[in-house]
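**Student:** I would like to see how this sequence folds:
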Amino acid sequence: MHTSKRLCTPLIVMFGMIIAMVGFAAPASAQPYTTQPTVSVSDQTPAAGSSVTFCGQGFLPGETVTVMLDNDTEYPSVVADSSGSFCTTVVLGVSLTGTHTLTATGTTSGRMASVQIVIAGVSASAGPGQLAFTGAAVIGIGALGGLLLIGGAMMVVAVKRRKVNA
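**Tutor:** Numbers count the residues shown, from 1 in each chain. Coordinates of the predicted model:
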């Protein structure tokens with residue numbers, strides 16, 4: 001049997017299968033996207049000048065989502081992932097206090113969701129029962145790092161002396 005006949009039969013069967021699969025395939029029936037979007041924040045009572053993580057879900061996959069505070073302060077837009085979710089960091093102004101609303105709006109779908117946050121003012125002094133931050137912990141970490149550096153240098157010198165004397 002010739003090579004062309006041996007190759008021709010499987011190809012005819014393969015193309016016949018492909019045509020049958022395409023011809024008898026059922027039409028796709030996509031369901032409408034009806035999930036209402038939801039949003040959340042990492043802290044609903046943040047301090048002024050701090051940052052919160054603002055996340056949402058239920059938007060269209062790949063959709064650009066605008067983030068606004070009280071419908072007048074716009075933050076950088078974010079793109080929803082393949083499941084329609086996003087997370088972004090929102091830095092709050094130092095002078096903000098009181099109740100505010102963070103809103104996410106999908107630019108393609110027009111879907112909107114919001115959450116309220118209560119921003120506490122920044123206090124320069126410690127209140128009753130609270131300790132003031134003195135920075136001692138930062139100094140302690142720096143001192144520990146310095147001691148570790150000196151100890152490592154001393155170990156290198158000791159090893160070199162041992163090799164020279166041996």
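
**Student:** distance of Ser51 from Thr103?
**Tutor:** As judged by Cβ to Cβ, to the nearest Å, Ser51 and Thr103 stand 17 Å apart. The C-beta positions use only the backbone N, C-alpha and C, and glycine is treated the same way.

**Student:** show me where the chain has helices.
**Tutor:** For the chain, applying DSSP state H gives helices covering 3-23, 136-165.

**Student:** before we move on, the earlier item: show me which of Ser51 and Thr103 is the more surrounded one.
**Tutor:** Thr103 (17 against 12; other Cβ atoms under 10 Å).

**Student:** State the number of residues packed around the spatially closest residue to that one that is not a sequence neighbour.
**Tutor:** Closest residue in space to Thr103, ignoring its immediate chain neighbours: Ser114 at 4.1 Å, by Cβ to Cβ, 6 or more residues apart in numbering. Per other Cβ under 10 Å, the neighbour tally for Ser114 reads 15.

**Student:** So, low pLDDT: which residues of the protein?
**Tutor:** Low-confidence segments of the chain (pLDDT under 70): 1-11, 16, 26-34, 122-148, 151-153, 157-159, 166.

**Student:** returning to that earlier point: check contacts around the residue nearest to Thr103.
**Tutor:** Residues counted as contacts of Ser114 (Cβ atoms under 8 Å, 6 or more residues apart in numbering) are Val39, Thr101, Leu102, Thr103, Ala104.

**Student:** my guess is the last one meets Val39, correct?
**Tutor:** If I follow you right, that is Ala104. Yes. Using Cβ atoms under 8 Å, Ala104 makes contact with Val39 at a distance of 5.2 Å.

**Student:** who touches both of the two?
**Tutor:** Taking Cβ under 8 Å, 6+ apart as the contact rule, Ala104 and Val39 both touch Phe54, Gly56, Ala113, Ser114.

**Student:** Mind checking which of these are buried?
**Tutor:** With neighbours counted using 16 or more other Cβ atoms under 10 Å, the shared contacts of Ala104 and Val39 contain these buried positions: Phe54, Gly56, Ala113.

**Student:** No further queries at this time; thank you.
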